[in-house]
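Undergrad: Turn this into a model:
(2 chains)
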There are 2 protein chains.
Amino acid sequence: MKGNASGFAFTILKEDKESRARLGVIKTRRGYIDTPYFVPVATLASVRALGSDDLNVLGLQCVLANTYHLHLRPGDELIKKLSGLHRFMSFDRPIFSDSGGFQAFSLGCGREDNINKIGGVFSRRRTTEDNIGKKENLTKITDRGISFKSFYDGTWQFLDAKSSMQIQSNLGSDIIMAFDECTSPLSDYDYTKEAMKRTHEWAGRSLKHHDIRQAIYGIIQGGWFEDLRAESTEFIKSLPFDGMAIGGSLGNCKRDMHQVLDWVVPQLDERPRHLLGIGEVDDIFECVERGIDTFDCVFPTRVARRGGVFISPESGGRPDNKFRINIKSAQFKDDGTPIDPDCRCPTCRRYIRAYLRHLYLANELSYFRLASMHNLHFMQKLMQKIRESIKNGTFMELKEKWLE
Amino acid sequence: MKGNASGFAFTILKEDKESRARLGVIKTRRGYIDTPYFVPVATLASVRALGSDDLNVLGLQCVLANTYHLHLRPGDELIKKLSGLHRFMSFDRPIFSDSGGFQAFSLGCGREDNINKIGGVFSRRRTTEDNIGKKENLTKITDRGISFKSFYDGTWQFLDAKSSMQIQSNLGSDIIMAFDECTSPLSDYDYTKEAMKRTHEWAGRSLKHHDIRQAIYGIIQGGWFEDLRAESTEFIKSLPFDGMAIGGSLGNCKRDMHQVLDWVVPQLDERPRHLLGIGEVDDIFECVERGIDTFDCVFPTRVARRGGVFISPESGGRPDNKFRINIKSAQFKDDGTPIDPDCRCPTCRRYIRAYLRHLYLANELSYFRLASMHNLHFMQKLMQKIRESIKNGTFMELKEKWLE
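TA: Next up, the predicted model:
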């Protein structure tokens, strides 16, 4: 148990014998987070389509908000003036915030290179005649920081370690991230090394400028290069961060991502480990096995809005259907059963597939909330099962049952 | 108290001495409705943006679903197969359904004539060079029934008294409406009379074909012509309907609507009186005063989605601001108070104006639900205050306080 001025502490309750999986609990002033935990994303101070009353009904222990987006709108100074993010969005449990570096990547270089993040790893977007040459790089990176064109109003903005810390302090989140530069899988060795050096420099500045009432995680970079990942892990680990986050690029496919974790995690100490922007159901198993404690990803709510709703193995969920059905499918037209008959979420307790399909096809706003509730409940239950399996020494059995 | 095979009954508890306002209770097999009552609209089996869990939290006693829309999608036969509308949308309280006649008007003739319903009365839509001559009449009306082009897929459909009754039986709603033809304020005397005659013919057929497990309301037509309204009232009243609905056209302005009610209501007997498609806050007072028991309107949820949220007189609501603020207004940018400090709705108990404004401007889906919840709660409380004032003999005082 490590404690500090932020009230942050992490306790490992059990380590799995057959893998690097571990059961733990993160303590913050605003409550506990049982790990491994999947952290839903509240980009603009709202988990999309849900109210914070819904978050409480789902029993969510924490969320992650985006520094980049909230800085641009409604503005972190406004949020500070209104007593911080917890009061602003009416959520009194722990909130993570990211550093803003990832959006500078994804809305800048990633945009220029047609890079998108699909299924936990980066891949090139399909290039068509329509978008060739039309993407503008909205980001300029120097050793000082990142200049970027606002996604909303086109104004040029500047973010560096100090301002990222100031913004996160204004938000008043409980667990913040050091300012970093995320690289693309297309970045070569030399560029990735240069970006890593910047990230290390910014890590020190982030520690220096951060609000000591907030716990802070350092971000390990180094792309898909073994020596750079080793160097970054060693460096970030040497600094007095409360936790370690692993940032992208994680390579070009899921196997690459597993490789990165196999390079990084064995070098780490007891501090909690967060994997940024991951993941899908299979990712969760693979990464918990490799020693990850927390994850954040928009995936469950995003896929819900597009019709994808999760089902457990008992209801036919398998790796090849990505543990989900598409509610718009004609086969559910007159289906009088819940999304997942084994599920006890607020949506499955009330509604049948045929109704949800109808709402989806009619573009009824209520659909988005009901499907998002289900998917987040599904992730909550999945993490609960994973924690129980680690406790019982059956994690690898559970993984095999799901991913066989 | 009148009872029948549908289990429907209406009791008048008190009549106001200074007006035609009355306090009553509608009894159905699925529960009671205290009158005067404002019935929220669940067009496609969902009160837009809300789940039925929200409807229960709001304490709604009933909703109104649209026969036309549900017939087209997902289809009333599908709903019947899935055990009816209550099970389909997971709402176990009374449901009204309309006859489909109004949509045939509003999506047909109303479309052709650029007629729109604004603030409870019909008015011409602004004609621009862009839309002149581009609107196609999607409706053909004969004595047999109404042919119309589906709003969704362009196929021609036919609706008559018998099929309207069959559809409403398939839906399994508790209170249904007789099939009618709604006229436009542009319809002349001869056409309005012809349409009224058809409505009367169809009223008889509706009674003959309706499912006797459902209570049925007759619809009084006659446009803005005193003798036609008198004739229609006399005729509909002579039939064994469970209640009386008053249909459009109600003229060209609110004063015309009041005039229609002053022609019609004094002729009516004790049966409950429903005013279709009304209304705004001032309409509610004016029409309760004139003896209306129930109302239905999409207005509170529609205006919420556009940023309009209700405030009571205590918080500055007045006829000239239509008892609402527009949440997107810059003046609420850093407003740390709830929409209405006097309101105890789920939204006002949790959220501040600045947050709701942020959600609205960011087009966050959660906004639509939170604003709709507030506006429906506001209408619920308004009706409760009106019922209490009738009970206490202070209705006209309350009206004056709100509308002065």
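
Undergrad: Tell me which residue is most central in chain A.
TA: Residue closest to the mean C-alpha point of chain A, counted by Cα atoms, centre = their mean, is A:D296 at 2.0 Å.

Undergrad: Distance check, that residue against chain B.
TA: Distance of A:D296 to chain B, given as Cβ to the nearest Cβ, to the nearest Å: 18 Å. Glycine gets a C-beta too; all of them are placed from N, C-alpha and C.

Undergrad: Chain B contacts on the stretch 301-404 of chain A?
TA: Residues of the stretch 301-404 of chain A found near chain B (Cβ under 8 Å from any Cβ of the partner chain) are A:333-334, A:336, A:346, A:350-352, A:354-355, A:357-359, A:361-362, A:364-366, A:368-370.

Undergrad: Mark which of these are buried, thanks.
TA: Taking 16 or more other Cβ atoms under 10 Å in any protein chain shown as the criterion, what is buried in those is A:333-334, A:346, A:350-352, A:354-355, A:357-359, A:361-362, A:364-366, A:368-370.

Undergrad: quick revisit: wait, isn't the residue nearest to the centre of chain A in contact with A:H274?
TA: Yes. Using Cβ atoms under 8 Å, A:D296 is in contact with A:H274, at 7.4 Å.

Undergrad: what touches both of those two?
TA: Common contact partners of A:D296 and A:H274 (Cβ atoms under 8 Å, 6 or more residues apart in numbering or on different chains): A:F96.

Undergrad: Spell out which parts of the stretch 51-200 of chain A neighbour chain B.
TA: By Cβ under 8 Å from any Cβ, the residues of the stretch 51-200 of chain A that approach chain B are A:51-53, A:73-74, A:78, A:81-83, A:87-90.

Undergrad: which ones are touching the residue in the stretch 151-300 of chain A that chain B sits nearest to?
TA: Nearest to chain B, among the residues of the stretch 151-300 of chain A, is A:Y152, at 9.0 Å (Cβ to the nearest Cβ). Residues counted as contacts of A:Y152 (Cβ under 8 Å, 6+ apart) are A:L72, A:R73.

Undergrad: try 6 Å
TA: Counting by Cβ atoms under 6 Å, 6 or more residues apart in numbering or on different chains, A:Y152 touches A:L72.

Undergrad: And the longest helix seen in chain A, what does it pack against?
TA: In chain A, with assignment by DSSP state H, the single longest helix is helix A:365-392. Where contact means 3 or more Cβ pairs under 6 Å, 6 or more residues apart in numbering or on different chains; DSSP states H and E, helix A:365-392 is packed against strand A:22-28, strand A:37-40, helix A:299-305, strand A:308-310, helix A:346-350, helix A:353-361.

Undergrad: A:I175 is in contact with A:S97, isn't it?
TA: No. At 7.6 Å, A:I175 does not count as touching A:S97 under the criterion of Cβ atoms under 6 Å.

Undergrad: Of the residues of the stretch 51-200 of chain A next to chain B, which is the most crowded?
TA: Most neighbours among those, by other Cβ atoms under 10 Å in any protein chain shown: A:M89, with 28 neighbours.

Undergrad: so how far is A:L13 from that one?
TA: As judged by Cβ to Cβ, to the nearest Å, A:M89 and A:L13 stand 30 Å apart.

Undergrad: do A:Y32 as well
TA: 12 Å.

Undergrad: just A:K140 next, same as before
TA: Distance from A:K140 to A:L13, by Cβ to Cβ: 45 Å.

Undergrad: So the residue lying farthest from the centre of chain A, which state does it fall into?
TA: Ranked by distance from the centre of chain A (Cα atoms, centre = their mean), the top residue is A:D334, with 35.7 Å. Per DSSP: H, G, I helix; E, B strand; the rest coil, the local secondary structure of A:D334 is coil.

Undergrad: check contacts around it.
TA: By Cβ under 6 Å, 6+ apart, the neighbours of A:D334 are A:A354, B:L78, B:K81.

Undergrad: Find the nearest non-adjacent residue to the second one, please.
TA: By that I understand B:L78. Closest residue to B:L78 apart from its sequence neighbours, by Cβ to Cβ, 6 or more residues apart in numbering or on different chains: A:D334 at 5.9 Å.

Undergrad: residue in the stretch 201-350 of chain A nearest to chain B?
TA: Counting by Cβ to the nearest Cβ, the stretch 201-350 of chain A gets nearest chain B through A:R350, at 4.3 Å.

Undergrad: in terms of contact, does that residue touch B:S90 like I think?
TA: Yes. If you go by Cβ under 6 Å, A:R350 and B:S90 touch, sitting 4.3 Å apart.

Undergrad: Just name the shakiest helix or strand of chain A by mean pLDDT.
TA: strand A:121-124 (a mean of 46; mean pLDDT, DSSP states H and E).

Undergrad: After that one, which helix or strand is next? Please name it.
TA: strand A:139-141 (DSSP states H and E).

Undergrad: mind listing what that next one pairs with, with the direction of each?
TA: Pairing partners of strand A:139-141, with direction, according to DSSP bridges: strand A:146-149 (antiparallel).

Undergrad: The strand it pairs with: which residues count as buried?
TA: Neighbour-count burial for strand A:146-149, counted by 16+ other Cβ under 10 Å, picks out A:I146, A:S147, A:F148, A:K149.
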